[in-house]
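>>> Please find the sequence and the predicted model below.
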Amino acid sequence: MVIQTKQCACRWILRHQHKLKQAARSCHLKVKEALGVEDTARPYEHEKVEPEPRIETFRYADLETTLAEPHQLRLKPDVSELKFGQIFTDHMLKVFYHGALGGWQKPEIIPFENISLHPAAKVLHYAVELFEGLKAYRGIDGRVRIFRPDMNMHRMNLSAKTSGLPTFESEEMLKCLKRLVSVDQEWVPHAEGASLYIRPTLIGIDGTLGVAQSESALLYTILCPVGNYFATGSDAVSLLADPTYARAWPGGCGDRKVGSNYGPTIRVQKKASNRGLQQVLWLYGDDHQITEVGTMNIFMFYINEDGEKELVTPPLNGLILPGVTRASIIQMAQEWGDFRVVQRTITMNEVLLLLKENRLLEMFGSGTACIVSPIASISYLGNLLRIPTNEHSSPLYKRIREQLYAIQYGHVKHPWAVLID
């Protein structure tokens with residue numbers, strides 16, 4: 001290729017700058033590998049969860065990295081064009097498990113590729129799979145941080161035990177994830193409000209029919225840059241609360257992040273969309289207990305009978321996912337000490353009473369994808385309930401969201417934000 005003028009040269013450089021950056025980084029990493037130089041691991045600055053017993057696991061020390069060639073690198077979109085889960089980065093992490101070969105095999109980072117599965121793979125027939133969702137953020141100092149990844153790894157192992165899939169040591173997986181994000185760090189958006197979504201997934205791949213524990217599995221992780229989770233201009237959501245449908249029940253797996261909790265909700269979500277509503281408020285039981293909103297945990301802020309402000313969220317009773325953002329909100333609010341924080345059952349009758357007595361202040365959802373999302377209305381038994389979440393000059397949900405953003409984007413130093421070297 002011959003560039004004939006300076007103007008053409010500038011245009012060519014601007015158009016291909018993403019490939020030039022990635023090619024330079026690829027050369028840098030290949031030189032380090034050739035010299036046997038590895039990144040210096042810093043001690044993790046995160047909060048401890050209950051320790052896991054020693055288990056058979058793969059090791060970060062065995063990780064092999066194959067970098068994409070320049071012609072394999074993908075075009076990076078503008079931040080304004082990002083939609084959730086539609087564009088993926090240049091590399092992925094894969095770790096196979098085969099019981100017949102001694103368990104976990106060596107982890108590897110490879111160029112992004114499709115997955116080949118046996119037609120009888122258990123994931124395809126019995127939904128033997130699970131996943132996680134966490135994010136990496138580019139801070140105001142240019143450094144990349146992951147938000148509380150230890151909690152995601154702990155939850156992932158709990159889901160694996162429920163699904164009959166192999167578990168692993170969280171620390172080893174975290175090191176592999178940090179390496180993957182480091183390799184594709186040019187994909188972490190340079191804008192607050194945007195981030196790099198990390199999707200670890202574990203699936204049963206045995207090529208045999210029959211409902212049984214998987215003897216072969218694939219653990220893989222893909223990355224995708226994301227912008228605002230909701231496509232509409234306003235971040236306040238409208239909900240359909242239909243007691244005809246239930247997302248989870250006692251003794252089930254509603255508290256695990258498995259695909260079988262999500263696929264069956266699509267028809268109800270479609271019903272909500274057909275009515276011009278954005279999400280589903282999931283109810284349970286004859287008393288119409290509030291459990292989750294869409295794929296989010298839910299909070300209610302109100303004035304109790306003693307005239308005190310109180311933040312309440314449903315308890316971890318097996319019906320809801322133990323969300324990382326949920327736990328973070330509870331801990332932050334308790335540390336503030338400005339109002340009571342309670343985990344208990346909430347019913348729709350209570351919501352109706354609070355609205356009638358003008359004691360309901362806010363309702364909002366929380367989750368990794370949306371962070372915090374205010375609720376504007378609920379369609380319930382033929383009535384449209386207007387929730388006054390955005391009718392306050394300084395709503396609580398904004399304070400929570402701003403504090404979480406401050407941690408995630410490095411405005412404040414915090415142990416929940418784990419730095420990527």
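Structure's in. What do you need?
>>> Quick check, pLDDT for the most centrally placed residue in the chain.
Nearest residue to the geometric centre of the chain (C-alpha atoms, centre = their mean): Gly133, 2.5 Å. pLDDT, Gly133: 97.
>>> Surely it touches Cys370?
No. Between Gly133 and Cys370 there is no contact under C-beta atoms under 8 Å: 10.9 Å. Any C-beta I mention is one placed from the backbone N, CA and C, and that applies to glycine too.
>>> what about Trp249, distance to Asp255?
Distance from Trp249 to Asp255, counting by C-beta to C-beta, to the nearest Å: 11 Å.
>>> shared neighbours, these two?
Common neighbours of Trp249 and Asp255 are listed as Leu319 (criterion: C-beta atoms under 8 Å, 6 or more residues apart in numbering).
>>> Return the distance of the nearest residue to Lys161 once chain neighbours are set aside relative to Ala217.
In space, and not counting its chain neighbours, Lys161 is closest to Thr167: 6.4 Å by C-beta to C-beta, 6 or more residues apart in numbering. Distance of Thr167 to Ala217, computed by C-beta to C-beta: 10 Å.
>>> same check, this time on Ile375
Relative to Ala217, and taking C-beta to C-beta, Ile375 is found at 38 Å.
>>> Neighbours of the nearest residue to Ala100 once chain neighbours are set aside, how many?
Distances taken as C-beta to C-beta, 6+ apart place Glu215 nearest to Ala100, at 6.8 Å, with adjacent residues excluded. The tally of other residues near Glu215 (other C-beta atoms under 10 Å) stands at 16.
>>> With Gln403 instead?
19.
>>> Could you do Arg74 as well?
Arg74: 16 neighbours (other C-beta under 10 Å).
>>> The residue nearest to the centre of the chain and Glu402: what is the separation?
Counting by C-beta to C-beta - Gly133 and Glu402 are separated by 22 Å.
>>> cool, Glu186 as well?
Taking C-beta to C-beta, one finds Glu186 at 28 Å from Glu402.
>>> re earlier: Trp249 and Asp255: who's more crowded?
Legend: neighbour count by other C-beta under 10 Å for Trp249 and Asp255, higher for Asp255 (19 against 13).
>>> just to revisit the earlier point, of Thr167 and Ala217, who's got more company?
Higher neighbour count among Thr167 and Ala217: Ala217, with 27 against 19, using other C-beta under 10 Å.
>>> Now do the more buried one, the pLDDT please.
98.
>>> list the helices and strands the strand or helix carrying it packs on?
Following DSSP states H and E, the helix or strand that holds Ala217 is strand 216-226. On a contact count with 3 or more C-beta pairs under 8 Å, 6 or more residues apart in numbering; DSSP states H and E, strand 216-226 meets strand 91-98, helix 170-183, strand 195-204.
>>> Can you check the distance spanned by stretch 80-92, start to finish?
24 Å (C-alpha to C-alpha, to the nearest Å).
>>> Show residues contacting it.
22, 67-68, 72-74, 77, 109-113, 180, 183-184, 187, 189, 194, 196-197, 220-227, 229, 231, 369.
>>> Now Val144. Its backbone dihedrals?
In terms of degrees, to the nearest 10, the main-chain angles of Val144 are phi -100, psi 140.
>>> Tell me how many other residues crowd Gly285.
Neighbours of Gly285 (other C-beta under 10 Å): 14.
>>> Distance check, it against Leu174.
Separation of Gly285 from Leu174 (C-beta to C-beta) stands at 38 Å.
>>> And the residue nearest to Lys161, what's its pLDDT?
With respect to pLDDT, Thr167 scores 97.
>>> Is it in contact with Ser159, as I believe?
No. Taking contacts as C-beta under 8 Å, Thr167 lies outside contact range of Ser159: 9.6 Å.
>>> Show me where the chain has its helices.
6-15, 17-35, 122-126, 149-163, 170-183, 266-274, 324-336, 348-356, 396-408 (DSSP state H).
>>> of Glu186 and Glu402, who's got more company?
When Glu186 and Glu402 are compared for neighbours, Glu186 comes out ahead with 15 against 11, by other C-beta under 10 Å.
>>> didn't the more buried one look like it was pressed against Arg74?
No. If you go by C-beta under 8 Å, Glu186 and Arg74 don't touch, sitting 10.8 Å apart.
>>> Could you pull out the strands in the stretch 301-421 of the chain for me?
309-313, 340-343, 360-367, 371-380, 383-386, 417-419 (DSSP state E, counting those that start in this stretch).
>>> Please identify the most buried of the ones you listed.
With neighbours defined as mean count of other C-beta atoms under 10 Å, the strands of the stretch 301-421 of the chain peak in mean count at strand 360-367, which reaches a mean of 24.
>>> hmm, back to that, tell me which of the strands of the stretch 301-421 of the chain lies nearest to Pro119.
strand 360-367 (34.1 Å; C-beta to C-beta).
>>> Can you tell me what sits against the closest one?
Contacts of strand 360-367 (C-beta under 8 Å, 6+ apart): 237, 279, 293-303, 309, 323, 325-326, 329, 351, 354, 372-375, 378, 387-389, 392, 395-397.
>>> Name every sheet partner of that strand and say whether each one runs parallel or antiparallel.
Take DSSP bridges as the rule and strand 360-367 pairs in its sheet with strand 297-303 (antiparallel), strand 371-380 (antiparallel).
>>> Distance to Ala121 for these - can I get that in CSV?
Below are the strands paired with strand 360-367 laid out as CSV (distance: least, C-beta to C-beta, whole Å):
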stretch, distance to Ala121
strand 297-303, 32
strand 371-380, 34
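>>> Reformat these as JSON lines; add distance to Val412 and mean pLDDT.
As requested, the strands paired with strand 360-367 are exported to JSON lines (distance: least, C-beta to C-beta, whole Å; pLDDT from 0 to 100):
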{"stretch": "strand 297-303", "distance to Val412": "22", "mean pLDDT": "98"}
{"stretch": "strand 371-380", "distance to Val412": "16", "mean pLDDT": "96"}
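>>> correct me, but Ala236 touches Pro388?
No. Look at Ala236 against Pro388 with C-beta under 8 Å: they stay out of range, at 10.9 Å.
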